[in-house]
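Trainee: Show me the folded form of this:
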Amino acid sequence: MNFLWNILLLAAAVFIVANVMPGIKIKNLWTTLIVAAVYSLINFFVGWLLHFLALPLIIITFGLFNFVVNAAMLWLTDIIIDDFEVDGILNTLIAAFLITIINSILRWLLL
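Mentor: Presented below is the predicted three-dimensional model:
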């Protein structure tokens, strides 16, 4: 049940960011749920490796490089899902930052 809540909160964060940023296009609400699920699976299977490989940079930047790792996972999600599109690397970095912040705020408020 906790996994479902995590997906729903992440989907809400993605939906909010997609409506705020003009560089992100999502076809419909169903696609938002799929994006959240795929992003979570990428984070589960590949995210730990990316964070491990980037650990020196994460330590040097006091954790700010985590947003770059999250942007890489968002970029992979963009490649996998056809109905989800993020235009450019700058939009990907900003979207990853906003999704992480909004998801954290929603978790703090609701869980």
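
Trainee: measure the closest residue to residue 29 other than its chain neighbours to residue 76 for me?
Mentor: With sequence-adjacent residues excluded and distances taken as CB to CB, 6 or more residues apart in numbering, residue 29 is closest to residue 15, at 7.2 Å. C-betas here are computed from N, CA, C, even on glycine. Distance of residue 15 to residue 76, given as CB to CB, to the nearest Å: 19 Å.

Trainee: Pull the contacting residues for residue 36.
Mentor: 7-8, 10-11, 14 (CB atoms under 8 Å, 6 or more residues apart in numbering).

Trainee: how would you label residue 85: helix, strand or coil?
Mentor: Under DSSP: H, G, I helix; E, B strand; the rest coil, the three-state class of residue 85 is strand.

Trainee: so where is this protein shaky, pLDDT-wise?
Mentor: Counting by pLDDT under 70, the low-confidence segments of the chain come to 1.

Trainee: Please repeat the previous calculation with a cut-off of 90.
Mentor: Applying pLDDT under 90 to the chain flags residues 1-6, 23, 27-28, 63, 107, 110-111.

Trainee: and residue 87, how many residues sit next to it?
Mentor: Burial of residue 87 is recorded as 14 neighbouring residues (other CB atoms under 10 Å).

Trainee: what residues are up against residue 18?
Mentor: For residue 18, the set of contacting residues under the criterion of CB under 8 Å, 6+ apart consists of 24-26, 32.
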